[in-house]
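Peer 1: sequence first, predicted model second:
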Number of protein chains: 2
Amino acid sequence: MSDRLSTTFAALADPTRRAILGRLARGQASVTELADPFDMSLPAVSKHLKVLERSGLIARARAAQWRPCRLRARPLKEAVDWLEHYRRFWELSFDRLEDYLQQLQRKEKHHEQSEREK
Amino acid sequence: MSDRLSTTFAALADPTRRAILGRLARGQASVTELADPFDMSLPAVSKHLKVLERSGLIARARAAQWRPCRLRARPLKEAVDWLEHYRRFWELSFDRLEDYLQQLQRKEKHHEQSEREK
């Protein structure tokens, strides 16, 4: 679990943490601002932020007193790079689905023709 | 943690499970075949396979006695679709890095020129 990619995927495996990233995609925000829409306690949000910070998905300003959080996208890119190796599989399976649908449509047409010829 | 995307990311947050998917990308395999390269016990591999199966990342044949596992790519596509929303952020940060490097190079050149003119 200590490798970078595992840490990234583990951090993303939570809807609240993904929603926090979604919020930060619209601009940097303080912990209070992040806690607000989720109706969560500050400690609960802080816990999620620590996970995100450890995984390198967010960074927190050191200087400003309100220490705003901002999104860091590099781990997301690494996750996409890993997933992209499997692209041919989902494209293949959608192709297969399309083939299957065309087959069904051909059968349907054939069936309609036979009905008309009766 | 019960939503589909969280289950997918949690399943991917383990190097052995990602390696199993990598093996299945080369073709279907039995549990014994999957256990072999990892030097793991069959129960340990079975546990990982259960996680992958629950997340819909693999499917196991019901009919054949050796019940081969095969890759199912749809959850991977859903994960990429989610990550793609953040593409502009990593592209932006690489652009910024490039800008910064060009700036450094210009400064370097400028510095060299001043040195020569002395």
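Peer 2: That came through fine.
Peer 1: find the nearest non-adjacent residue to residue A:6, please.
Peer 2: Closest residue to residue A:6 apart from its sequence neighbours, by Cβ to Cβ, 6 or more residues apart in numbering or on different chains: residue B:13 at 4.8 Å. Quick note: C-beta positions are derived from backbone N, CA and C, even for glycine.
Peer 1: now for that neighbour: which residues touch it?
Peer 2: By Cβ atoms under 8 Å, 6 or more residues apart in numbering or on different chains, residue B:13 lies in contact with A:1, A:6, A:7, A:8, A:9, A:10, A:13.
Peer 1: lowest-pLDDT helix or strand in chain A?
Peer 2: Lowest on mean pLDDT, DSSP states H and E among the helices and strands of chain A sits helix A:87-117, with a mean of 73.
Peer 1: now, which of the contacts of residue B:13 sits nearest residue B:76?
Peer 2: The shortest separation between residue B:76 and any of the contacts of residue B:13 is 11.5 Å, and it belongs to residue A:9 (by Cβ to Cβ).
Peer 1: so the closest one sits right up against residue A:79, yeah?
Peer 2: Yes. Taking Cβ atoms under 8 Å as the contact criterion, residue A:9 and residue A:79 are neighbours in contact, 6.6 Å apart.
Peer 1: show me the strands in chain A, by range?
Peer 2: Along chain A, the segments classed as strands by DSSP state E run A:58-60, A:69-71.
Peer 1: please identify the most buried of the ones you listed.
Peer 2: Burial among those, expressed as mean neighbours by mean count of other Cβ atoms under 10 Å in any protein chain shown, is greatest for strand A:69-71, which shows a mean of 21.
Peer 1: what comes into contact with it?
Peer 2: Residues external to strand A:69-71 that are found in contact with it (Cβ under 8 Å, 6+ apart): A:21, A:24-25, A:28-31, A:34, A:49, A:52-53, A:57-61, B:86, B:89.
Peer 1: same check, this time on stretch A:29-37
Peer 2: Contacts made with stretch A:29-37 from outside it, assessed by Cβ under 8 Å, 6+ apart, are listed as A:19-20, A:23-24, A:41-42, A:44-46, A:49, A:66-69.
Peer 1: burial count for residue A:62?
Peer 2: 6 (other Cβ atoms under 10 Å in any protein chain shown).
Peer 1: any stretches of chain A with poor pLDDT?
Peer 2: A:1-2, A:64, A:93-101, A:117-118 (pLDDT under 70).
Peer 1: distance between the ends of stretch A:76-90?
Peer 2: End-to-end distance of stretch A:76-90: 20 Å, with Cα to Cα, to the nearest Å as the criterion.
Peer 1: what residues of that stretch count as buried?
Peer 2: The neighbour-count criterion (16 or more other Cβ atoms under 10 Å in any protein chain shown) identifies A:76, A:77, A:79, A:80, A:82, A:83, A:86, A:89, A:90 as the buried residues of stretch A:76-90.
Peer 1: between the contacts of stretch A:29-37, which is closest to chain B?
Peer 2: When the contacts of stretch A:29-37 are ranked by distance to chain B (Cβ to the nearest Cβ), residue A:24 comes first, at 9.4 Å.
Peer 1: buried set for stretch A:13-33?
Peer 2: Buried residues in stretch A:13-33, counted by 16+ other Cβ under 10 Å: A:13, A:14, A:17, A:18, A:20, A:21, A:23, A:24, A:28, A:29, A:30, A:31.
Peer 1: now those residues in a markdown table, with distance to residue B:114?
Peer 2: Formatted as a markdown table, the buried residues of stretch A:13-33 follow (distance: Cβ to Cβ, whole Å):
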| residue | distance to residue B:114 |
| --- | --- |
| A:13 | 54 |
| A:14 | 54 |
| A:17 | 50 |
| A:18 | 50 |
| A:20 | 48 |
| A:21 | 45 |
| A:23 | 47 |
| A:24 | 42 |
| A:28 | 38 |
| A:29 | 44 |
| A:30 | 44 |
| A:31 | 47 |
